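[1] Turn this into a model:
(3 chains)
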Amino acid sequence: MSDNLDTGDVAAGFAEPHEYTVWEDIQGYLFGLVLATLLTAASFYAVYTHLIWAPAIPIALVALAVAQIGVHLVFFLHLTTAPDNTNNVLALAFGVLIVALIIGGSVWIMGHLDERMMPSMHQMMQMQR
Amino acid sequence: MSATDAVGHGHARDVDPYLLGRGGGRGSGHVAATGRGAGGPASKTVVVAYGFWLFLLSDIVLFSCLFAAHAVLQTAIADGPAGHELFKPTNIAIETACLLLSSFTCGMSAAACGVRNLLWTQVALLVTGLLGVAFLVLEAKDFAELVEQGFGPQRSAFLSSFFAVVGCHGLHVSAGLLWLGTMMAQIFVKGFRADILRRMLCFNLFWHVLDIIWVALFTIVYLIGEGR
Amino acid sequence: MFGIATSIIAVGTGVKVYNWMFTMYGGRIRYATPMLWSVGFIVTFIIGGMTGVLLAVPPADFQLHNSLFLVAHFHNVIIGGVLFAGFAGITYWFPKAFGFRLHEGWGKVSFWCALIGFYVTFVPLYVAGLLGMTRRLQHYEVAAWRPWVLIAGLGVIILLIGAIAQVIQLVVSVRQRDALRDETGDPWDGRSLEWATASPPPAFNFAVLPNVGGDEPYWQIKRLAIERQQLAPEPTYKAIEVPRNSPVGFITAFFATITGFALIWHIWWLVAVGVAAAYVVFVWFAWRDVTEYEIPAEEVARIDRARRAARQQWLEANAPAGGPA
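    Residues are numbered from 1 along each chain as shown, chains lettered A, B, ... in the order given. I've put the predicted structure just below:
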């Protein structure tokens, strides 16, 4: 931990460079675990009970997943908005951009293709029933 | 320019640690904000962890391609079974619990490393490994059952993409377990040497990212797939 | 969608082309071999890009997809973009990597044969594509295509001569390497920092971390040295930590290749062997206790003083005209 003090930059996944007692360290992880468990339970409940209006379930799940990923990043990976973490956050932001383009772009394009192409023989027979 | 000089500058009240703007015309090397060159090049720990973080982000991009394929193909069931007919919520819940707890115990091992406690580091790593093995065993059993019933990756595009994305995650967990075993052996034999600690940091990053991907996975594949 | 996506490539490329042109504008261009390849790249790549934009129009593409027009287009961009630019880079940095230049005469021969050969080969193929000839034909019976295909054949012979000229260039350069030696490390009167090192550079690249205050830092250093007719003062040399070499990457890649091969052909036992071997090699590598070695300050000083001596010689030999630091 001592060679982290020269530049004020913090390694990804590393807790802050000032002295941290073990108990504080463990507390952070515990809190993250509790939050993550709650969010996971909420996701399962949303799907398997009728607490949420059915059409809104996918969006609720995505929101809960994003929240849980955030909890992981902050409490387990120690990725915060502190100035010594800027490099790591910037890299993450770029990664998120690429992921959004890949997944969003694929779903968008394939959705359009699905709409505009003629149904297959199989699908046409199903439509006739 | 020694390290203490740089830190001393950074503690001046008028220096904004985020250093938005041009640093008052002083250019690089004069202030202690990140990446400004104060104190010279970054330490090995910072460089290694940043490089590994970039690798993990590229791994996440790999997974996003598989996710995109699955998202597009979730309804391409070719008259075969759809998600809600195949997935067992109890199994998924147990697998999720295993991985989440293993992420926590991995964090515990990092805390133990921080105070150089050999016993607790090994115990935490062992528990992490056992939870990971439990996860893999459950997943492998699920896969074997599906294949037995004739619902393997060749059955439909939906199933192909399902096996691809969940299987890729499982392969990563397996590789992680091999790495875990190696780390336990290395810490036991060589102790808390600086380069071993850097590897532990990288392993931590890897294991936590695996859990992050699992969060996305169980949400998109299993839970959203439930609804279709 | 297809039309939009294809056209979007052209926008950024256009910006880059203007970038290169305005970088060259107002300068004094020396048509040494790397410059010839670079200019050939820009011209050829632009033409190939334009035919690409033509293909981005969906009705046109409906006619021309999988015709020789398409084939000529992508060869235009690949040969112009990848090959010519690649050869420019190779010729430019060869002296830095190997310590001696490539033979200039044979370089020029190979460039002109490649450029002329490329156009003689592929322009007739554009025409043949517009006349309806498709790709991957084992034989054809349309008489109208024949003259174009024959001219393209002649072009291929010119390209072959160019390729042979490149091989000859390499052989001649190696044989004449002492005459072609790069003494100072700066054969092109360069402006960027790589030309401040010796050719080939020592294991540590720079003896002392250079202090970069603006763009073109090496040019500043040179101008100063020429003005003052002396090199910058000798820096204080310190020991440098350098990683130990290892063949492990190569060996692991070998086993990874075997694993990939076995996965394709479902040779499951070989998959297990490949994975196990790669893992064992990697763990053996990770077990090293010594990952770096230190080059002592005296050794750094010795190597760097040799570099400075070579440059001092150059400075004296080329007194008022100018030279490297």
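
[2] Relative to chain C, how far out is B:Asp59?
    When CB to the nearest CB, to the nearest Å is applied, the distance between B:Asp59 and chain C equals 16 Å. C-betas here are computed from N, CA, C, even on glycine.

[3] And that residue, how close does it get to A:Val71?
    20 Å (CB to CB, to the nearest Å).

[4] what do you get for A:Met117?
    Counting by CB to CB, the gap between A:Met117 and A:Val71 amounts to 41 Å.

[5] These two: which is more packed in?
    Per other CB atoms under 10 Å in any protein chain shown, whichever of A:Met117 and A:Val71 has more neighbours is A:Val71, with 21 against 8.

[6] Just confirm yes or no for stretch C:242-262 near chain B.
    No - counting by CB under 8 Å from any CB of the partner chain, chain B is not contacted by stretch C:242-262; separation bottoms out at 11.3 Å.

[7] Could you give the separation of that stretch from the chain centroid?
    Using CA atoms, centre = their mean, to the nearest Å, we find the averaged C-alpha position of stretch C:242-262 to lie 25 Å away from the chain's own average C-alpha position.

[8] So for it, what gets flagged as buried?
    By neighbour count, and taking 16 or more other CB atoms under 10 Å in any protein chain shown as the criterion, the buried residues in stretch C:242-262 are C:Ile251, C:Thr252, C:Phe255, C:Ile258, C:Thr259, C:Ala262.

[9] what would these look like in TSV with secondary structure, distance to C:Val82 and pLDDT?
    Shown next, in TSV, are those (DSSP: H, G, I helix; E, B strand; the rest coil; distance: CB to CB, whole Å; pLDDT from 0 to 100):
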residue	secondary structure	distance to C:Val82	pLDDT
C:Ile251	helix	30	96
C:Thr252	helix	28	94
C:Phe255	helix	30	97
C:Ile258	helix	29	96
C:Thr259	helix	29	96
C:Ala262	helix	32	97
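
[10] In the residues you listed, find the pair that's most separated.
    Checked with CB to CB, those reach their widest spread between C:Ile251 and C:Ala262, with 16.9 Å between them.

[11] tell me the domain ranges of chain B?
    B:1-41, B:44-227 (automatic domain parsing).

[12] Can you tell me which of the ones you listed is most buried?
    Burial of those is given as mean neighbour count (mean count of other CB atoms under 10 Å in any protein chain shown); domain B:44-227 ranks first at a mean of 18.

[13] Could you tell me the end-to-end distance of it?
    Across domain B:44-227, the straight-line distance between its terminal residues is 48 Å, by CA to CA, to the nearest Å.

[14] what about the stretch 201-325 of chain C, any weak spots by pLDDT?
    C:320-325 (pLDDT under 70).

[15] Give the helix, strand or coil label for the closest residue to chain A within it.
    The minimum distance from the stretch 201-325 of chain C to chain A, using CB to the nearest CB, falls at C:Glu241 (13.5 Å). Using DSSP: H, G, I helix; E, B strand; the rest coil, the three-state assignment for C:Glu241 comes out as strand.

[16] Is it correct that B:Pro81 falls within a helix?
    No - using three-state DSSP, the secondary structure at B:Pro81 is coil, not a helix.

[17] Any regions of the chain where pLDDT drops low?
    No chain was given, so I picked chain A. Using pLDDT under 70 as the threshold, the predicted model of chain A has low-confidence ranges A:1-20, A:129.

[18] Correction: the question concerned chain B.
    Applying pLDDT under 70 to chain B picks out residues B:1-41, B:228.

[19] Excluding its own residues, what touches stretch C:300-308? List them.
    C:185, C:197-198, C:202, C:204, C:207, C:231, C:234-235, C:237-240 (CB atoms under 8 Å, 6 or more residues apart in numbering or on different chains).

[20] which of the residues you listed has the most neighbours?
    Of all the contacts of stretch C:300-308, C:Ala207 has the most neighbours under the rule other CB under 10 Å, reaching 24 neighbours.

[21] Let me know the helix or strand that that residue is in.
    For C:Ala207, there is no helix or strand it lies in under DSSP states H and E.

[22] From C:Pro201, how far off is the residue nearest to it when sequence neighbours are not counted?
    Of all residues not flanking C:Ala207 in the chain, C:Asp304 sits nearest, at 3.9 Å (CB to CB, 6 or more residues apart in numbering or on different chains). C:Asp304 is 11 Å from C:Pro201, where distance means CB to CB.

[23] Give me the more crowded residue out of these two.
    Between C:Asp304 and C:Pro201, counted using other CB under 10 Å, the more crowded position is C:Asp304 (20 against 17).

[24] Tell me the spacing between that one and C:Trp93.
    With distances taken as CB to CB, C:Asp304 is found 21 Å from C:Trp93.

[25] what's the helix or strand harbouring C:Leu170 packed up against?
    According to DSSP H and E, C:Leu170 maps onto helix C:146-175. Contact analysis of helix C:146-175 by 3 or more CB pairs under 8 Å, 6 or more residues apart in numbering or on different chains; DSSP states H and E lists helix C:104-130 as its packing neighbours.

[26] just the angle between the helix it packs on and helix C:146-175, please?
    Here the directions of helix C:104-130 and helix C:146-175 differ by 160 degrees (axes from the mean of the first three to the mean of the last three CA atoms, to 10 degrees).

[27] Report all helices and strands that helix C:104-130 contacts.
    Where contact means 3+ CB pairs under 8 Å, 6+ apart, helix C:104-130 is packed against helix C:33-55, helix C:68-78, helix C:85-98, helix C:146-175.

[28] mind running it again at 6 Å?
    Using 3 or more CB pairs under 6 Å, 6 or more residues apart in numbering or on different chains; DSSP states H and E as the contact test, the elements touching helix C:104-130 are helix C:33-55, helix C:68-78, helix C:146-175.

[29] Which of the residues in the second one are classified as buried?
    So that's helix C:68-78. Neighbour count says helix C:68-78 has C:Leu68, C:Phe69, C:Leu70, C:Val71, C:Ala72, C:His73, C:His75, C:Asn76, C:Val77 buried, by 16+ other CB under 10 Å.

[30] so the fifth one sits right up against C:Phe122, yeah?
    Just to be clear, that refers to C:Ala72. Yes - in this structure, C:Ala72 is within contact of C:Phe122 by CB atoms under 6 Å, at 4.5 Å.

[31] buried sites along the longest helix along chain A?
    The helix of greatest length in chain A, counted in residues with DSSP state H as the criterion, is given as helix A:86-116. Buried residues in helix A:86-116, defined by neighbour count with 16+ other CB under 10 Å: A:Thr86, A:Asn87, A:Asn88, A:Val89, A:Ala91, A:Leu92, A:Gly95, A:Val99, A:Ile102, A:Ile103, A:Ser106.

[32] Break chain C into its domains for me.
    According to automatic domain parsing, the domains of chain C span C:2-175, C:193-236+C:297-317, C:245-289.

[33] Turn those domains into a markdown table, columns for distance to A:Ala36.
    Output for these, formatted as a markdown table (distance: least, CB to CB, whole Å):
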| stretch | distance to A:Ala36 |
| --- | --- |
| domain C:2-175 | 39 |
| domain C:193-236+C:297-317 | 44 |
| domain C:245-289 | 31 |
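
[34] of all those, which lies closest to A:Ile59?
    Nearest to A:Ile59 among the domains of chain C is domain C:2-175; the distance by CB to CB comes to 28.5 Å.

[35] from the chain's centre, how far out does the closest one sit?
    The answer for domain C:2-175 is 15 Å, by CA atoms, centre = their mean.
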